[in-house]
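Student: Show me the folded form of this:
(one chain, ligands or ions: 3)
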Amino acid sequence: MKFQRSPLQLTLLYLLAALLWLLCSDALLLGLGLDRDHLARYQLLKGLAFILFTGLLLYCVLRQYQHQQLLIRRHIKHSEERLTLALDSAQEGLWDWDMTSDRVFYSGRYCSLLGYTPEQFGNSRAAWEERLHPDDREQAIQRVQNLFEQRTPYYEGTYRLRHQNGDYRWLLARGQLLLDEAGQPLRFIGTTVDITQRRADEDSLRQAAAVFDSTQEGVLVTDRHQHIVHVNPAFNRITGYSAEEVLGKTPVLFKSGRHDRAFYQSLWHALEQRGSWSGEIWNRRKSGEVFPMWQCLRSIHDESGNLSHYVAVFSDISALKRSQHELDYLAHHDPLTTLPNRLLFGERIEQAVQRAQRGALLLIDLDHFKIINESLGHNTGDQLLKLIGERLAGSLGKQLTLARLGGDEFGLLSTDCAQAAQASALAQRLLECLAEPFSIQGETLFIGASIGISLFPDDGDSVEQLLRNADSALFRAKSSGRQTFSFYSQDMTILARQRVKLEAELRQALEQDQLRVYYQPIHHLSGDRRMLGVEALVRWQHPERGLVPPGEFIPMAEDSGLIGAIDTWVLEQACAQMCDWQTRGIELKFVAVNVSSRLFSRGELDLQVARVLAQTGLDPAHLELEVTESAVMDDPDRALELLQHLRNLGVRLAIDDFGTGYSSLARLKRLPVDKLKLDQSFVRGLPDDPEDAAIARAVVTLGRSLGLHVLAEGIEQEQQARFLLDLGCDFGQGYWFGHPQPADQLLPMATA
Ligand code: C2E
Ligand code: MG
Ligand code: MG
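Tutor: Ligands and ions are numbered 1, 2, ... in the order given. Next up is the predicted model:
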């Protein structure tokens, strides 16, 4: 504006000065009164001076103007450059809509945002409008329209414009509407930035947030110091903890205590080495319940590669585990009886065989079950099977696997049966257990069974072979009249059946008073060799086999558990007999009674002895208990304790069959016994056999040096008695002095 007026002023000034100069200089020259030539020359000089002066003035003005223009241009260029730089660095494009010309200037950056050069893009409003995304067009145009109508100065709009390659880019435009003095839109100018990537990032963030919030998996984020910084709603649902309760705390809060240090060490090792870990872990809910979860752990690093966070994503797998467990249970159990089925039974046999265990496989088949099913209906049949399963399972120990293999067939696996005798005893027990009647809906049902037995590893080393062999044994049991058992090997079957028969008979023998006590005298070896005491020895008066010696039934009684009753009975008889002798004035120092090693190891023997002594009224000093050397040395500490208890009762103690076991002298020294009984096997060869003589001498010397009496068993000859006396042996027992006999034959005078 300054320049618009200045040229006029300058021109007027110039005209005024020039006019004054013309008028004044002419008047001055005329006033000088010069001649024509001089006047003409001075006027020429004056004109030249004027031209020179004004020319100089024009020069100065033009120079000044040019200089100013230069400064302005430079300033503009600077500003433009700054603006461009600013816009470029902000990656913003410029647009400028001139309302008067209806032209739009789109900057190079603006056009390049969309892949165009300014020439290609065009310079009209239509260039923008026609590239709008169809979905955004109406709204974007309307927005600009509103701006014009409402005259709001500032504008912001987001829309998509088509890129040259056909894609749409999300753009954010911000601008300003400039109005003229009349308030009419003059110019609409602003910048645009490509926000496609930002939108995509925001979208994925939104999606991630939605996933985070709605996922069924629990998510827990900690900082690198393991302080919890973020949890999602599923975390709350699974653990029972609210976000407020755990933020700032560490996941130690959830530790179940189920995993050892090594577990956590390997977890952290994996996280450090691979940046991730996944696996099953047991944690604790707020309620205290410990539950399994599947957890994926990851470590997160920032742009510089430094560890910044840990993220744990986990799911509660307790339901899964439960259903897996249920499925597993269903797959391995019989639904009717809930016993293991054939599959599980096979697996158990396999395990036992692989562990090289010894054991027995029993197949139990119910006899004539079909008849029950057909006559009473399948319902009753099912109930009977259930009851049978319950009864059998109830009568068996935990070491055994009872299974229902299908139909009326059951299987039993025992890894506790080292010998055939135990397997047959087990089979017998099962048969007896089934022999009791069953009661179903008021009906009393009897059912028998046949049992086939195979032993492993003797009868097979695979599941198939063992089952097959047990099956053929079962077939044999069925064909030999049912209600019985058979081994795969026939010899074993015969032996086992004899044994079972004998056991049943022995049981009866106890009830029917078929046992007898014989007494064998014990004598002094020195002096008049008078009788000093007796040993009670049991016999079985069998109705068919006659008098059976103890060697033929004591081992079996020990296996079947009958020995307890037998020994107690013998003890009662012997004590009562001793009392009887005493009342009849017979002077015997003691009656010796044998105690089975089985009872010896079971304990409570002292209570039993005390009871019998109390019942019979026998002075404990007149009772001698014989325990074998091997029974004592099997468990010397226990033996010492029990012997001490017996000793406290006041009874005498002797170690039977001495020399056959492996006594430790150190232990022997501590035992509270009175007597050693030299085993008869060392007496047999006396006095000629040098080895027997050496052993006999050693035992006698040992006994004497420990302050014990020594008794020699099995003396059949006079020389033996003399030889032993010479060695220093105190007492003797054997056929030379007298056979074991019934009390009334041993001391007839007394009983008469
Ligand atoms: P033991 O306690 O060593 O009994 C001595 C055995 O030697 C007896 O055999 C006896 O008859 C036999 N005997 C005695 N003198 C002679 C002899 O001069 N020559 C020969 N060859 N033998 C002789 P028995 O009565 O057959 O008893 C055998 C074993 O049975 C006993 O050996 C004892 O260990 C056991 N026994 C006997 N009765 C009972 C009992 O009531 N309970 C327990 N648990 N075991 C008993
Ligand atoms: Mg004895
Ligand atoms: Mg003996």
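Student: Check Asp167 and give its pLDDT.
Tutor: Note for Asp167: predicted pLDDT of 94.
Student: Relative to Tyr488, how far out is it?
Tutor: Noted for Asp167: a distance of 82 Å to Tyr488, by Cβ to Cβ, to the nearest Å. Where C-beta positions appear, they are placed from N, C-alpha and C, glycine not excepted.
Student: Those two: which has the busier surroundings?
Tutor: Tyr488 (24 against 12; other Cβ atoms under 10 Å).
Student: where in the stretch 301-450 of the chain is pLDDT low?
Tutor: Scanning the stretch 301-450 of the chain with the threshold set as pLDDT under 70 gives 418.
Student: Return the residues of it in contact with ligand 1.
Tutor: By the rule Cβ under 6 Å from any ligand atom, no part of the stretch 301-450 of the chain lies against ligand 1.
Student: Show me how the protein divides into domains.
Tutor: The chain breaks down into these domains under automatic domain parsing: 7-80, 90-200, 215-322, 333-488, 510-751.
Student: Please name whichever of those domains is nearest to Val500.
Tutor: Nearest of the domains of the chain to Val500, taken as Cβ to Cβ: domain 333-488 at 5.0 Å.
Student: how far does stretch 322-342 sit from the chain's center?
Tutor: Centroid separation between stretch 322-342 and its chain, computed with Cα atoms, centre = their mean, to the nearest Å, is 20 Å.
Student: Can you tell me what sits against that stretch?
Tutor: With contact meaning Cβ atoms under 8 Å, 6 or more residues apart in numbering, stretch 322-342 is reached by 343-344, 347-348, 382, 385-386, 388-390, 393, 401-406, 410-411.
Student: Okay, now that stretch: how far is its last residue from its first?
Tutor: 23 Å (Cα to Cα, to the nearest Å).
Student: Get me the contact residues on this structure for ligand 2.
Tutor: Residues of the chain that fall close to ligand 2, judged by Cβ under 5 Å from the ion: 594, 626, 656.
Student: Can you get me a residue count around the last one?
Tutor: It refers to Asp656. Neighbourhood size, Asp656 [other Cβ under 10 Å]: 25.
Student: got the phi/psi numbers for it?
Tutor: phi -80, psi 160 (degrees, to the nearest 10).
Student: remind me which residues of the stretch 101-250 of the chain are low pLDDT?
Tutor: Looking at the stretch 101-250 of the chain by pLDDT under 70, you get an empty list.
Student: ok, which stretches of it are helices?
Tutor: Per DSSP state H, counting those that start in this stretch, the stretch 101-250 of the chain carries helices over the ranges 108-113, 118-121, 125-129, 134-150, 196-214, 233-239, 243-246.
Student: do you know which of those helices lies nearest Met633?
Tutor: helix 233-239 (60.7 Å).
Student: which helices and strands does the closest one pack with?
Tutor: Here helix 233-239 touches strand 218-223, helix 243-246, strand 307-316, going by 3 or more Cβ pairs under 8 Å, 6 or more residues apart in numbering; DSSP states H and E.
Student: Recalculate using a threshold of 7 Å.
Tutor: Applying 3 or more Cβ pairs under 7 Å, 6 or more residues apart in numbering; DSSP states H and E, we find helix 233-239 packed against strand 218-223.
Student: Show me the strands paired with the strand it packs on, marking each as parallel or antiparallel.
Tutor: strand 228-231 (antiparallel), strand 307-316 (antiparallel) (DSSP bridges).
Student: ok, back up a step: could you turn the buried ones of the contacts of stretch 322-342 into a PyMOL selection?
Tutor: In PyMOL syntax, the buried subset of these is picked out as below (16 or more other Cβ atoms under 10 Å):
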select buried, resi 344+348+385+386+388+389+401+402+403+404+405+410+411
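Student: The contacts of stretch 322-342 in helices, which ones?
Tutor: The helices, defined by DSSP state H, take in 343-344, 347-348, 382, 385-386, 388-390, 393 from the contacts of stretch 322-342.
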